[in-house]
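K.L.:
Okay, sequence plus prediction incoming.
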Amino acid sequence: MPKFKKRESIIVWGCIVGRRKGPLIIWDKGAWGKTINAKGYQTHIVPHLDRFWNTESVRTNDYLYIQHDNASPHRARTTVAELQERGLYNYLMPWPATSPDLNPIEAVWRLMKTRIGKLLPRPQNNSDMITAIQDQWNLITEYELGQILDTMVDRVDAVLSANGGHTKY
């Protein structure tokens with residue numbers, strides 16, 4: 001029987017504000033661990049989030065709100081303490097535990113996944129895939145981010161119409 005090599009997954013973190021992309025972090029499973037836990041999130045992600053938040057807050061002359069999903073590394077007491085220490089905690093949007101994911105970054109990930117799926121030749125290994133992920137992140141335009149943001153009212157309306165249930169988004 002043929003054996004198929006299981007592909008290793010790649011963990012990616014990124015952020016946007018309005019029509020601007022923030023940093024894209026490719027999780028280094030070899031050095032940082034196979035999954036993102038609270039300590040890893042605080043060590044390898046939060047500093048990038050903090051720098052981007054501060055830069056964009058100065059650029060826009062306004063404080064920006066941070067939308068986390070409810071992943072356990074985001075909710076951990078130590079993460080909350082880290083965000084408080086950095087002055088970011090008061091800018092977290094409250095987010096119910098079982099809410100539909102309306103974070104626009106999810107639409108960005110879907111766009112990238114679609115584009116990577118159409119690449120020829122297709123990425124054949126993790127190194128190729130990481131390059132493709134970085135390339136596709138860099139190719140996303142302010143216009144495309146604007147298009148995603150323009151769907152947010154429709155997304156919220158769809159969730160409300162579905163009483164919090166499944167939507168096409």
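P.N.:
The structure has been received and is ready for your questions.
K.L.:
among the helices and strands of this structure, which has the poorest mean pLDDT?
P.N.:
Within the chain, confidence by mean pLDDT, DSSP states H and E is lowest for helix 152-161 among all helices and strands, at a mean of 89.
K.L.:
just checking, what packs against it?
P.N.:
Other helices and strands packing on helix 152-161, by 3 or more CB pairs under 8 Å, 6 or more residues apart in numbering; DSSP states H and E, are absent; none qualifies. From N, CA and C alone the C-beta is placed, and that goes for glycine too.
K.L.:
May I see the buried residues of that helix?
P.N.:
155, 158-159 (16 or more other CB atoms under 10 Å).
K.L.:
Run the chain-centre distance for that helix.
P.N.:
Using CA atoms, centre = their mean, to the nearest Å, the distance from the centre of helix 152-161 to the centre of the chain it belongs to is 20 Å.
K.L.:
For that helix, output the C-alpha coordinates as CSV.
P.N.:
Output in CSV follows, covering the C-alpha atoms of helix 152-161 (Å, rounded to 0.1, in the frame of the first residue of the first chain):
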residue,chain,number,x,y,z
MET,A,152,-18.2,43.7,8.2
VAL,A,153,-21.6,45.3,8.4
ASP,A,154,-23.0,42.4,6.3
ARG,A,155,-21.2,39.9,8.4
VAL,A,156,-22.6,41.3,11.6
ASP,A,157,-26.1,41.4,10.1
ALA,A,158,-25.8,37.8,8.9
VAL,A,159,-24.8,36.7,12.4
LEU,A,160,-27.7,38.6,14.0
SER,A,161,-30.1,37.2,11.4
